[in-house]
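Asks: prediction below, plus the sequence it came from.
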Amino acid sequence: MLAAIEGKGRIRPDGLSKVTGSLKYLTDLSFEGMLYGKVLRSEHPHARITSIHTEKAQQLKGVAAVITHEDIPGLNGFGLIFPDQPVLCDTIVRYTGDAIAAVAAETEEIAEQALSLIEVGYEPLAVVDDPEKALLPHSPKLHPDGNLLHQTSYIQGDIEHAFHCCCFLVEETYELPRQMHAYMETEGGVVVPEENGGITVFMGTQHGYKDRFQLSRILDIPEERIRVISSPMGGSFGGKDELNVQPHASLLALKTGRPVKIHQTREESLRAGLKRHPMKITMKTGIDEQGLLLAHQVRILADTGAYSSLGPAVLDFAVEHAAGPYLIPHVKTEGFSVFTNNGVSGEFRGFGGNQVTFALESQMDRLAELIDLSPLEIRKRNVRRAEDRGPMGQRIAPANGAADVLESIDRHKDEIEKAAQPADSATWIKRGTGMALTMHGGGLGYGRLDGSGGRLEFSREGKIEVYFGFEECGQGLLSVIETIVTDELQCAPSDMVIVIGDTARVPHTGSSTASRATSMVWNALQRMKGEFSSLILQLASDVSGISVHELKLGEGGIWKTYADETLPFIHYRDLAENVFSDPITVSTIFDFPTTPDPVPGGHFLYAFAAVLAEVEVNLLTGKITVTRLDQAVAAGPVISRLGYLGQIEGGGVMALGYTLMEDAAMEEGLYIPRNFDSYLIPTIKDVPLEMNVEAIEDLYDGDIYGPRGVGEIGTVAAAPAITKAIHSAMGHWITKLPVSPEEILSAVNERGLLSWKRNK
Amino acid sequence: MEKEQVSVQEEKMDSESIEFRAVINNKPIHLSIHPVTPLVELLRTELQLTGTKISCGIGRCGACSVLMDGRLVNACLIMAFQANGKNIETIENLSEPGIHPIQQAMLMEGGFQCGYCTPGMVMAIKALGDETPAPTDEQILEALSGNLCRCTGYAGIIRAVKRCYHD
């Protein structure tokens, strides 16, 4: 249906090493004399530690070191906002992923055996496993300031009065599950002690400098003596942005003086790792007789788990996006992020947007049904126009994306609006379609430190070296850098060397998160290309005596602007021999663009997406099959065709899993799933055979901000499109994800959708 | 006391090592190794063939897929004693002497992103093609259903398989 994206289809720079298996991930590395580390995690979701005995473990042959909280020279805590998560717990454990001790040994097996010899005494405490209960006055306090990590709200207009003026109201509570990132490479890598008393940390993260800062605080050694090599990664999706086993491997490496490798097993990763915030969202939304939104009241309750991580920021994002791309005069949104003894929730692709978008879009479909409008029509009547303000009343970069993606869906109107139809001849299979719309902010938001930059160098070897402090998680950043640099400087990929993910070499360019890296690379090149080109051309002019105006950068070297030649006039390599002083270097520092209005966390650059889903519901088994998952995305120009396509297709399927199968469910603070046998993610058999992506590349007139990142947008709006498709197929509204076959079957029975009598 | 007991146990383990002989990527390999060392560990740690990945360790994700006597297996579930005497082929062998058409198709169609599932996926696609040179959609889905990919949503992988076996 939607036209495939046209554009450049260059092979990505890391492609060959990935398809041949020759790429060394950081967990693939080995060093001379390397030890293997293991971390002992808590047996209880909430307990007082009464004793820790490591003597037996220390005596085990092959054990080089056992560490506890007593071995931490600096701050025993980490966390991207508040460092409230202990590196190694001393008195209290607050979830079963809490670390208590760590071991380094000659082999992984010995390390594992040593863990079993560590004796920890616990005095179990009452488990707070529900955010509602956590807020009750008599609930045990998990942190000194209580169980409310963060509370925020956004209010405009007069919600109570506006509800009286509504013709139709829908009030519903939606429940969203605890999704696991499920990056295929679990956390880990190697920490190598250096002669200056410092360390080199070979472990994946989405912001190397932030890891360096946090590790410095824990280890009590200056940041300059910590080198973080953070790229490449076998997936992250937000999950590796926070520290995980870096502190433990670092402490063990410093204590033993030997390289220490930790590579978590899937079970360890599931138990200790971050998840998407489970949220309970209540929305009351009203429209007038024209179907125009009048009032929207939202209450968001997020289970942030045992520690802060990015919990406050995720909640802020959810509150900001609660009204989505719609113009609603009266809004009242309140959010609460609450500590529990469940697994720690944190950063995850979509960042709180997925949860509220599911609730909001479900509301829109219910309202459409009440007033007898199509899902498409009610959205068209309420969608923001290019120059409207952002969802919190803030000024944003004008963009017509919301209307554009709706228009793309409009071309398939007939397909969406058809009622439930039996698929082919099987009367027990019902087919339905659904759509959803979203807008999603990029960057960290107003009032947050969100600096970026970049550096270009012309090296003595005649290479154009490109430096960014970003990481390659798989998203295709290297391809983005290669494409932008070759476009802007007209050089060939073979003329460049890209350096990322190494704090010893790269500038501070901020995190590889929040759909920001593509945008920042493009902006950095706009700032650097003029000066960089001039300096190189000046050198070429000095060497050749030809005026700079007659020279230009090109593939392989400097070309004459007027001559129709097949080779460069001077090769970069030859030109570099004339650089006698410092290499030519150009760098830039700037901030991610933000709104001029002081709305804390409010965004300025947004991307937009609309999703069209089709499902088949098997009334006999309750199984849902997604047969179509097409997306239209408006995020500015496409830089890398395959990268863009992959982000949207992959994001959509990740959301398919969120909708239909994924839940890291917990019972009394204990994870029910342990591994990929009990936590299921989509396989190739669970996805549509073909997905279509339409990229709307136009920017609004005068937009100077260039391409927006698309790392998150493809994952935000698929869930409500799929659940609306289920509704279209069988008339059943979904309020809780993932949709279980049991729920479908019980709806089939209640609605009498299956008749067991012949010829009725 | 504790230490002594443990070391006795370890010596006993050593005495239980087997002489492991296999052909791995066309090279004869001879190792003395504990019989229940998983093949994936033998490949990754003993032989530094790190193209074969480890992700779930229980045979559910396929990141460690290799060919054993031509059949696709999860190397995390095969123990050294089971691989003894066998012919093992890993991702490292596939691009010898030149890049395999499957790998080329994966590059052209965006059949990977982070790349961590890719070696296993490529081996599974090879096993499919070895057995079924022109697979149907159903055969493609069946053959790759044991290999998880979290990045691509499988769209690029499906395109790559079709490009490789049908174009």
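Replies: Noted; the coordinates are in hand.
Asks: and A:Ser309, how far from A:Leu449?
Replies: To A:Leu449, A:Ser309 is 17 Å away according to Cβ to Cβ, to the nearest Å. All C-beta spots, glycine's among them, are computed from the backbone N, C-alpha and C.
Asks: these two: which has the busier surroundings?
Replies: The neighbour count for A:Ser309 versus A:Leu449, taken as other Cβ atoms under 10 Å in any protein chain shown, is higher for A:Ser309 (27 against 8).
Asks: domains of the chain?
Replies: Picked chain A for this. When chain A is parsed with automatic domain parsing, its domains come out as A:31-125+A:184-235+A:240-272, A:279-445+A:597-751, A:451-590.
Asks: my question was about chain B, not that one.
Replies: Split by automatic domain parsing, chain B gives B:2-92, B:101-166.
Asks: is the shortest one anywhere near chain A?
Replies: Yes - judged by Cβ under 8 Å from any Cβ of the partner chain, domain B:101-166 comes into contact with chain A through B:103, B:106-119, B:122, B:137, B:140-142, B:144-158.
Asks: which ChimeraX command selects the buried ones in those residues?
Replies: To isolate the buried subset of the residues of domain B:101-166 next to chain A in ChimeraX, counting by 16 or more other Cβ atoms under 10 Å in any protein chain shown, use the following:
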select /B:103,106,107,108,109,110,111,112,113,114,115,116,117,118,119,122,140,141,144,146,147,148,149,150,151,152,153,154,155,156,157,158
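Asks: of the residues of domain B:101-166 next to chain A, which belong to strands?
Replies: In this view, the residues of domain B:101-166 next to chain A have no member that belongs to strands under DSSP state E.
Asks: taking the residues of domain B:101-166 next to chain A one by one, which sit in helices?
Replies: Residues of the residues of domain B:101-166 next to chain A located in helices (DSSP state H): B:103, B:106-109, B:118-119, B:122, B:137, B:140-142, B:144, B:155-158.
Asks: low-scoring pLDDT stretches of chain B, where are they?
Replies: Residues of chain B meeting the criterion pLDDT under 70: B:1-15.
Asks: taking the stretch 101-250 of chain A, what residue is nearest to chain B?
Replies: A:Gly234 (3.0 Å; Cβ to the nearest Cβ).
Asks: that residue against B:Tyr116, yeah?
Replies: Yes - applying Cβ atoms under 8 Å as the test, A:Gly234 and B:Tyr116 come out as touching, 3.0 Å apart.
Asks: intersection of neighbour lists for the two?
Replies: Shared contacts of A:Gly234 and B:Tyr116, defined by Cβ atoms under 8 Å, 6 or more residues apart in numbering or on different chains, are found at A:Tyr25, A:Tyr183, A:Met184, A:Glu185, A:Gly474, B:Lys53.
Asks: and the last one, how close does it get to B:Gly120?
Replies: As defined by Cβ to Cβ, B:Lys53 lies at a distance of 6 Å from B:Gly120.
Asks: more neighbours: the two, which one.
Replies: With neighbours defined as other Cβ under 10 Å, B:Lys53 and B:Gly120 compare such that B:Gly120 has more, 31 against 28.
Asks: check contacts around the more buried one.
Replies: Per Cβ under 8 Å, 6+ apart, neighbours of B:Gly120: B:Thr52, B:Lys53, B:Cys61, B:Gly62, B:Ala63, B:Cys64, B:Ser65, B:Ile91, B:Asn147.
Asks: try it again with 6 Å
Replies: B:Gly120 makes contact with B:Gly62, B:Ala63, B:Ser65, B:Asn147, according to Cβ atoms under 6 Å, 6 or more residues apart in numbering or on different chains.
Asks: residues touching the second one, list them.
Replies: With contacts defined as Cβ under 6 Å, 6+ apart, B:Ala63 is in contact with A:Met184, B:Lys53, B:Ser55, B:Cys117, B:Gly120.
Asks: could I get these as CSV with distance to A:Gly652?
Replies: Shown next, in CSV, are the contacts of B:Ala63 (distance: Cβ to Cβ, whole Å):
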residue, distance to A:Gly652
A:Met184, 18
B:Lys53, 25
B:Ser55, 22
B:Cys117, 18
B:Gly120, 23
